[in-house]
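Colleague: Have a look; sequence and predicted model below, questions after that.
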Amino acid sequence: MRKRILIDTGPLVACINRRDRFHSWACERLGEINPPMLTCEAVLAEACFLLQDTAGGTAAVLDLVDRGVLLVDFQVSTYIKSIRILTEKYSSIPMSLADACLVKMAELHDDSIVMTLDGDFLIYRRHGRQTISVLMPNNL
């Protein structure tokens, strides 16, 4: 069975922004993954915000959705109670909306791996106690 890749903001931004220190890593990993990768609107919003000063950055993010490389397969309103519980549980970190959505998506897709640059995913748990499989650089 093929693992589903859930993509976080960091790798998207890194691949699009050539000046990002993880640019090469992110582009290489994304090149190895068969689309579509799953994500949520919160990740897209974060990526577009972070890339607003990068020429063509927002357009590049939206193009990935338009071409089917990214599939937005999550609706916050459907899982708002779970998201609220997660953000309260991890309030000391604190957990962003995008992170909470990805943790919930990891619960919905047991065969998934979160591609991220965020070490907090080593702390977060799905279904309360299960670790989340991650794809991240070794030098975080």
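Modeller: That came through fine.
Colleague: For the residue lying closest to residue 17 once chain neighbours are set aside, the count of nearby residues, please.
Modeller: The shortest distance from residue 17 to any non-neighbouring residue, by Cβ to Cβ, 6 or more residues apart in numbering, is to residue 54 (5.1 Å). C-beta: built from backbone N, CA, C; applies to glycine. The local packing of residue 54 (other Cβ atoms under 10 Å) involves 16 other residues.
Colleague: Residue 16 is in contact with residue 54, correct?
Modeller: Yes. Between residue 54 and residue 16 there is a contact under Cβ atoms under 8 Å: 6.5 Å.
Colleague: Quick check: the residue nearest to residue 17 vs residue 63, distance?
Modeller: The gap separating residue 54 from residue 63 is 13 Å, by Cβ to Cβ, to the nearest Å.
Colleague: Repeat that for residue 37.
Modeller: 14 Å.
Colleague: neighbour-wise, which of those two wins?
Modeller: Using other Cβ under 10 Å, the more surrounded residue of residue 37 and residue 63 is residue 37, with 20 against 13.
Colleague: quick one, what contacts that one?
Modeller: Residue 37 is in contact with 5, 6, 7, 30, 69, 70, 71, 115, counting by Cβ atoms under 8 Å, 6 or more residues apart in numbering.
Colleague: What of residue 104?
Modeller: Counted by Cβ under 8 Å, 6+ apart, residue 104 has contacts 74, 79, 82, 83, 86.
Colleague: any idea which helix or strand comes after the longest helix anywhere in the chain?
Modeller: Assignment by DSSP state H gives helix 97-108 as the longest helix of the chain. Counting by DSSP states H and E, the next helix or strand C-terminal to helix 97-108 is strand 112-115.
Colleague: related to what we said a few turns ago, the contacts of residue 104 in helices, which ones?
Modeller: 82, 83, 86.
Colleague: Okay, the last one and residue 106: tell me how far apart.
Modeller: Plainly put, residue 86 is 11 Å away from residue 106 if you go by Cβ to Cβ.
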